[in-house]
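Asker: sequence and predicted model, in that order:
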Amino acid sequence: MVNAPDPRPETALPGTVLVLNEVFYSHEGRYYCDCDSHWWRFAGRLAEYSRDLTLYVPLAKTAPRGAAMAVSPGRMKIEGRFFYKRIEEYYVRIIGRRRRMHRQAARLFADADLVLLRVPSPDALPLARIAWRLGKPTVLFVGGDVVIGTAYAEARGLKAAVARWMARRIRQAELRIAARSLLVAVWGTGLLPQFSRVNPQTVVAASPHISVEEIWRRPDTAQGDTLTLVRVAGCLRTKGMEYLLQAVAALRHRGRRVRLEVIGAPDDPAYYQELCGLSRRLGLDDCVTWRGYVKFGPDLFDFYRAADIHVVSSISEGVPRCIAEGRAFGLPTVATRVGGIPSIVRDGADGLLVEPKNAEALAAAVERLIDDGDLRRRIIREGYRLAETETAEFQARRLATLMGKALRGEPLGRAATDLHILEG
């Protein structure tokens, strides 16, 4: 039996635990998370619609490692379980910690009325079982596709076999949780068919890490003599950077005055050196700038504001957050038709899609955006409309509404299932 929520907004939720696998750090009375982790912002907004909300996360009681941002808990409480950063680390570190984690989760869930689980996560199923044993309803947030995610696509040899095994195991667990959940929210339409087959109460959501105040509006781009292309991604072979460099060379050969800003850490140093060599051979050293890692926030936003066209050249992807970020800063996007990208970009409506590993197609799509002002401005306008639905504020309000309806046994409505007709 779910306790009635406080009579504040109509969408108010009961006492809630949100289980994330985003890593957190606790140091000198403050909390931090990795700079690329933004679910805590969504959780903070969701807490505004909950009687109380506890964030249950892997927590290290130490100073943050690497680039990190301070977390403002607000109305949330933060509870830590044992620390792990990668899925394979979980399977090693769970040995000897399983019983303690289960006792801790049982204590948390016993005091809650609703348990939200975000996947991919290796511990989602055992934690869901604890919630079910206690009679607590669960809601599943599918924040990415574990099968097509970049980390698995990169693996080779024995590592590839282990990665495929883990991906299959985690996907099976996700579907088992979905089948018994009150509601399932999938990030992107690509996951909708799989999860709606096991649970008709499946809805489409969008990446919630942008905030309303971060949206920066402009009517058009590509107005200057020299146009700036931007690529925001870690330097990995799955990102298809060589095809982007070849596309820039082709554009320059045709007399297009373009330059490229690459934002992202050289995660694969050998690949980065290959790209630097290719840039030199193509004669691009004067128009390609490798910026390295840039922290999410004002510094990164400045690069989006200064750019004219956003290019995503990946040969393998999940659902890249940079697409939502680019839209929020008025950037028309050219992206490859891989992974989860077609589930969040409609060709000709809110971006242009091309086949992967095709430098000429990338160059042609960029030229099309440069030459066709009506198309470019239409994509910018539609991008802003979608950006508004991809904010932490919008998604928290919308999902709180849908969860409230599900708890009351009310129909969710057609807008719950289509990313492009989301209702506020």
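Answerer: On my side now, so go ahead.

Asker: gap between the residue in the chain sticking out farthest from the centre and Val334?
Answerer: Relative to the centre of the chain, the most outlying C-alpha is that of Gly255, 36.4 Å out, by C-alpha atoms, centre = their mean. In this view, Gly255 and Val334 are 19 Å apart by C-beta to C-beta, to the nearest Å. C-beta coordinates here come from the backbone N, C-alpha and C atoms, glycine included.

Asker: try Glu382
Answerer: When Glu382 is compared with Val334 (using C-beta to C-beta), they lie 15 Å apart.

Asker: which of the two has more neighbours?
Answerer: Val334 (27 against 18; other C-beta atoms under 10 Å).

Asker: my guess is that one meets Leu352, correct?
Answerer: Yes: counting by C-beta atoms under 8 Å, Val334 does reach Leu352; the two are 4.9 Å apart.

Asker: name the residues contacting each of these two.
Answerer: Ala365, Leu369 (C-beta atoms under 8 Å, 6 or more residues apart in numbering).

Asker: may I see the buried residues of stretch 340-348?
Answerer: Gly340, Ile341, Pro342, Ser343, Ile344, Val345, Arg346 (16 or more other C-beta atoms under 10 Å).

Asker: look up phi and psi at the first one.
Answerer: Read it as Gly340. phi -90, psi 0 (degrees, to the nearest 10).

Asker: these two touch, right, it and Val146?
Answerer: No: with contact defined as C-beta under 8 Å, Gly340 does not reach Val146; the gap is 11.3 Å.

Asker: so Arg99, which state does it fall into?
Answerer: Classification of Arg99 using DSSP: H, G, I helix; E, B strand; the rest coil returns helix.

Asker: what's the answer for the one 5 residues further on, then?
Answerer: State at Gln104, reduced to three classes by three-state DSSP: helix.

Asker: tell me the pLDDT of the nearest residue to it once chain neighbours are set aside.
Answerer: Sequence neighbours aside, Arg81 is the residue nearest to Gln104 in space, at 6.3 Å (criterion: C-beta to C-beta, 6 or more residues apart in numbering). As predicted, Arg81 sits at a pLDDT of 92.

Asker: who does Arg81 bridge with?
Answerer: Pro58 (DSSP bridges).

Asker: please name the residues that touch it.
Answerer: Tyr56, Val57, Pro58, Leu59, Met101, Gln104, Ala105, Asp123.

Asker: of these, which is the nearest to Glu390?
Answerer: Proximity of the contacts of Arg81 to Glu390 (C-beta to C-beta) peaks at Val57, which lies at 22.4 Å.

Asker: could you check how far that closest one is from Met69?
Answerer: Distance from Val57 to Met69, counting by C-beta to C-beta: 14 Å.

Asker: now do Arg45
Answerer: Taken as C-beta to C-beta, the span from Arg45 to Met69 is 16 Å.

Asker: quick check: mean pLDDT of stretch 359-372?
Answerer: Rounded mean pLDDT across stretch 359-372 is 98.

Asker: list the buried residues for that stretch?
Answerer: Quick answer for stretch 359-372 (16+ other C-beta under 10 Å): Ala359, Ala361, Leu362, Ala363, Ala364, Ala365, Val366, Glu367, Leu369, Ile370.

Asker: how close does the first one sit to Leu284?
Answerer: Using C-beta to C-beta, one gets 13 Å for the distance from Ala359 to Leu284.

Asker: what of the third one?
Answerer: Separation of Leu362 from Leu284 (C-beta to C-beta) stands at 14 Å.

Asker: follow-up on the earlier one: which SS class is the residue farthest from the centre of the chain?
Answerer: coil.

Asker: for it, give its distance to Ile370.
Answerer: Taken as C-beta to C-beta, the span from Gly255 to Ile370 is 12 Å.

Asker: list the buried residues for the longest helix anywhere in the chain?
Answerer: Longest helix of the chain, by residue count under DSSP state H: helix 157-179. By 16+ other C-beta under 10 Å, the buried positions in helix 157-179 come out as Ala163, Met166, Ala167, Ile170, Arg171, Ala173, Glu174, Leu175, Ile177, Ala178.

Asker: just put those in CSV and tack on distance to Gly15.
Answerer: Shown next, in CSV, are these (distance: C-beta to C-beta, whole Å):
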residue, distance to Gly15
Ala163, 37
Met166, 33
Ala167, 33
Ile170, 28
Arg171, 30
Ala173, 25
Glu174, 25
Leu175, 27
Ile177, 20
Ala178, 23
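
Asker: show me where the stretch 51-200 of the chain has helices.
Answerer: 87-93, 98-110, 124-133, 150-153, 157-179, 192-198 (DSSP state H, counting those that start in this stretch).

Asker: next: the stretch 201-350 of the chain.
Answerer: Going by DSSP H, counting those that start in this stretch, the stretch 201-350 of the chain shows helices at 241-253, 269-281, 298-306, 321-328.

Asker: contacting residues for the residue farthest from the centre of the chain?
Answerer: So Gly255 contacts nothing (C-beta under 8 Å, 6+ apart).

Asker: repeat for the one 10 residues further on
Answerer: For Ala265, the contact set (C-beta under 8 Å, 6+ apart) comprises Gly234, Cys235, Gly292, Tyr293.

Asker: can you get me a residue count around Glu393?
Answerer: 18.

Asker: for stretch 207-223, measure first residue to last.
Answerer: 30 Å (C-alpha to C-alpha, to the nearest Å).

Asker: that'll do, ta.
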